[in-house]
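Trainee: Quick one, structure for this:
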Amino acid sequence: MTVPMTNPEQYQILLDEKKARIERDFANSSDTSQTDTDLKPSLPFPELEVFASEPEHFRLRAEFRIWHQDGRCFYAMFEPGKKNDPYEVTDFPIASKLINRLMVEMKEAIHQPENDILMQRMFQMEFLTTLSGDALITMIYHKPLDEEWQAAAEKLQAQIGFPIIGRSRKQKLVLKRDYVIETLTINGKQYQYKQIEGGFTQPNGGMNQKMLSWAKELSKPLKGDLVELYCGNGNFSIALAEHYNKVMATEISKTSVYAAQYNIEKNNIENLIIARLSSEEFVQALQGTREFRRLEGIDLTTYEFNTVFVDPPRSGLDDESVKQVQGYDNIIYVSCNPETLHNNLQILTETHEIKRFAIFDQFPYTHHIECGVFLQRKA
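Mentor: Residues are numbered from 1 along each chain as shown. Sure, this is the predicted structure:
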């Protein structure tokens, strides 16, 4: 059975609803005579820019529970609260065409008698794909993985044509590699990114390209240096580097920093440095209240940071980071949570004016929406 999803013909209706919600929550709640406690204070709000997703095959990663029943197994999803009532997934229209193809090929392969060991006690399968046609498959088990499993998995890997990783408790077997290489085309220019299994990547590759293009357009007329907090694998900072004199980016995840260093070299970026620091630590370093060995050899006083780029987690920016961000002339803020974005903007708009506001439909057919805001210091 195909996973039930909203008819693609309804996509524009749903996107229009998201647009209306953002406009209502950010711009149209200024009537203080209303008593609805859910209403938020209004903000100066420019015309909303809307970036639509492809209605199908937009998601580049997916994970499925593996359900065992009557001597066979299948991809399973569940309704909330019904963990013992699986819904068999045979087709996943929101996922990339490559994921849909590999779902079929992998299921058929593990049901072959010679691959019985691969099916035994497997409880999850994950797919990571790219716009450029690369893929990685992770098979997760409730059992230790031995040499017999590895031999069977290596044969399957050769048959499928894409790398396989085996995981179980405290065990990770990488048969070939644990990453994919993505190629993104931004305004006619190509960028390559290593995306490591288990690390954060933008799930909607087409929308990621639109977000990068939007951020590059904002950056073209800006001057000075850029600092980016929460840079991940360098997704934004690498694409934006050409528009600034120097770029300093921070990220706390070792996996993401490793990928970012590879991506800097791969894309021949010479004016970008990645520091493994949290945003809070970077604030402390800038203020001179704490020294970090991880910044050894980097003189922060040589930077003229006029622009800051932030793409924080769902919790948004903490109080100290908001104050620090207010110190820059230009703020590019990408948010996966409109509620925490709104809270942060209440403070940021005390010193800065919202010049651009965009929504990026990263997750069609859900209530989630990604926002992009560009602010400049008030005259």
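Trainee: Would you agree Asp91 is in contact with Ile99?
Mentor: No: under the criterion of Cβ atoms under 8 Å, Asp91 makes no contact with Ile99, lying 10.5 Å away. Glycine gets a C-beta too; all of them are placed from N, C-alpha and C.
Trainee: between those two, which one's more packed in?
Mentor: Ile99 (21 against 13; other Cβ atoms under 10 Å).
Trainee: Show the residue spans covered by the helices in the chain.
Mentor: For the chain, the helices defined by DSSP state H cover 11-27, 97-110, 116-119, 147-160, 205-219, 235-240, 254-266, 279-287, 319-325, 338-348.
Trainee: Mind putting those into a markdown table with distance to Lys170?
Mentor: Below are the helices of the chain laid out as a markdown table (distance: least, Cβ to Cβ, whole Å):
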| stretch | distance to Lys170 |
| --- | --- |
| helix 11-27 | 41 |
| helix 97-110 | 23 |
| helix 116-119 | 20 |
| helix 147-160 | 15 |
| helix 205-219 | 32 |
| helix 235-240 | 30 |
| helix 254-266 | 17 |
| helix 279-287 | 29 |
| helix 319-325 | 35 |
| helix 338-348 | 34 |
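Trainee: Now for the residue lying closest to Pro46 once chain neighbours are set aside, how many residues are close by?
Mentor: Spatial nearest neighbour of Pro46, excluding adjacent residues (Cβ to Cβ, 6 or more residues apart in numbering): Phe357 at 5.5 Å. Here the number of neighbours of Phe357 (other Cβ under 10 Å) works out to 23.
Trainee: between the helices of the chain, which has the poorest average model confidence?
Mentor: Across the helices of the chain, helix 279-287 has the smallest mean pLDDT, namely a mean of 80.
Trainee: Can you point out the buried residues in that helix?
Mentor: Ser279, Glu280, Glu281, Phe282, Val283, Gln284, Ala285, Leu286 (16 or more other Cβ atoms under 10 Å).
Trainee: helices or strands next to it in the packing?
Mentor: strand 225-229, strand 247-250, helix 319-325 (3 or more Cβ pairs under 8 Å, 6 or more residues apart in numbering; DSSP states H and E).
Trainee: got the contact list for it?
Mentor: Residues outside helix 279-287 that contact it (Cβ atoms under 8 Å, 6 or more residues apart in numbering): 227, 229-230, 250, 252, 275, 277, 290-292, 295, 300, 310, 312, 317-318, 320-321, 324.
Trainee: The same query, at a cut-off of 10 Å, please.
Mentor: The contact list for helix 279-287 (Cβ atoms under 10 Å, 6 or more residues apart in numbering) reads 227-230, 248-252, 275, 277-278, 289-292, 294-295, 298, 300-301, 303, 305, 310, 312, 317-318, 320-321, 323-325, 327.
Trainee: buried subset of the residues you listed?
Mentor: 227-230, 248-251, 275, 277-278, 295, 303, 305, 310, 312, 317, 321, 324-325.
Trainee: ok, Ala259 touching Gly234?
Mentor: Yes: shown here, Ala259 and Gly234 form a contact pair, counting by Cβ atoms under 10 Å, at 7.4 Å.
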